[in-house]
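Peer 1: Structure for the following, please:
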Amino acid sequence: MIEVFSFDKREILEICIAVLVLTIIFSFEGLHFNSNLLGLSFLAVITAFLLHELAHKFAAIKLGYHARFRLYLPSTLLSLILVFTGVKVAAPGWVEILPYKFKDWLYRRLKFSVEEIGKIALAGPLTNIILAYLFSSFGFDFLKTVNAWIAFFNLLPIPPLDGSKVLHWKFGGWIFFLILAIILLIV
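Peer 2: Model prediction:
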């Protein structure tokens, strides 16, 4: 049975903190904060970051795992500090995947399959690729660029990024989606 797509209070708080921090970060132009960009930055964060993380969560739940977003305070603070140097890093946390469900104590998997981890990992960047294409089609260049950049960055084959998991699962699939992300960044 598939777990209900639910959130606990702590997870909601952590998601809200991540969205707030990333909205502030994307509201910087170079070294200067631009309050006029807050609305557009918020929309970019909701589409590029939040939907990316929710795609991971939904894919994990669909495959029978328990999943929740975890805020990682050190990288969140580092992201805030780096924005004052002109560097934008969007890595406030990740979706934690557990091989069991809390309410079903008899249900436990001892390990994840490479295919399942690959599919869960691909769900986030694939969401960004689809959104980048749609935003490109409608002329929303900023939203397209943010989504394409998040897809490209996450598809880099560097652990713990999604790309390393997708590459481990299917080399050809990883190349295909990385090329799509690059094309969307260039076009």
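Peer 1: can you map out the strands along the protein?
Peer 2: Ranges of strands in the chain, per DSSP state E, are 28-29, 32-33, 66-71, 93-98.
Peer 1: what's the closest of these to residue 13?
Peer 2: Checking the strands of the chain against residue 13 by CB to CB gives strand 66-71 as the closest, at 8.3 Å. Every residue, glycine included, has its C-beta placed from N, CA and C.
Peer 1: TSV for the strands of the chain, including distance to residue 45?
Peer 2: Formatted as TSV, the strands of the chain follow (distance: least, CB to CB, whole Å):
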stretch	distance to residue 45
strand 28-29	13
strand 32-33	15
strand 66-71	14
strand 93-98	13
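Peer 1: Throw those strands into TSV and include mean pLDDT, mean neighbour count and distance to residue 86, thanks.
Peer 2: Formatted as TSV, the strands of the chain follow (pLDDT from 0 to 100; neighbours: other CB atoms under 10 Å; distance: least, CB to CB, whole Å):
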stretch	mean pLDDT	mean neighbour count	distance to residue 86
strand 28-29	95	14	8
strand 32-33	96	12	10
strand 66-71	94	19	24
strand 93-98	93	18	23
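Peer 1: among those strands, which is nearest residue 154?
Peer 2: Among the strands of the chain, strand 93-98 sits nearest to residue 154 (CB to CB), with 10.5 Å.
Peer 1: what bits of the protein have low per-residue confidence?
Peer 2: The chain contains residues with pLDDT under 70 at 1-5, 100-110.
Peer 1: got the residue ranges for the helices in it?
Peer 2: Taking DSSP state H as the test, the helices found in the chain are 9-26, 38-45, 51-62, 73-82, 114-137, 141-154, 162-169, 171-186.
Peer 1: Can you give me the buried ones in the fifth one?
Peer 2: Spelled out, it's helix 114-137. Buried positions in helix 114-137, judged by neighbour count with 16 or more other CB atoms under 10 Å: 116-129, 131-133, 135-136.
Peer 1: if I look at the nearest residue in space to residue 56 that is not next to it in sequence, how far off is residue 145?
Peer 2: Closest residue to residue 56 apart from its sequence neighbours, by CB to CB, 6 or more residues apart in numbering: residue 95 at 4.0 Å. Going from residue 95 to residue 145 by CB to CB, to the nearest Å gives 24 Å.
Peer 1: One more: residue 59?
Peer 2: 25 Å.
Peer 1: and those two? which has more neighbours close in?
Peer 2: residue 59 (22 against 17; other CB atoms under 10 Å).
Peer 1: Nearest to residue 32, out of the helices of the chain?
Peer 2: helix 9-26 (12.5 Å).
Peer 1: Can I get the closest one in CSV, CA atoms only?
Peer 2: Below are the C-alpha coordinates for helix 9-26, written out as CSV (Å, rounded to 0.1, in the frame of the first residue of the first chain):
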residue,chain,number,x,y,z
LYS,A,9,5.0,19.8,11.4
ARG,A,10,8.8,19.7,11.5
GLU,A,11,9.1,18.9,7.8
ILE,A,12,6.8,21.7,6.9
LEU,A,13,8.8,24.1,9.0
GLU,A,14,12.1,22.9,7.4
ILE,A,15,10.6,23.3,3.9
CYS,A,16,9.5,26.8,4.8
ILE,A,17,12.9,27.8,6.1
ALA,A,18,14.6,26.4,2.9
VAL,A,19,12.1,28.2,0.7
LEU,A,20,12.7,31.5,2.6
VAL,A,21,16.5,31.2,2.5
LEU,A,22,16.6,30.3,-1.2
THR,A,23,14.1,33.1,-2.0
ILE,A,24,16.5,35.6,-0.4
ILE,A,25,19.5,34.1,-2.2
PHE,A,26,17.9,34.3,-5.6
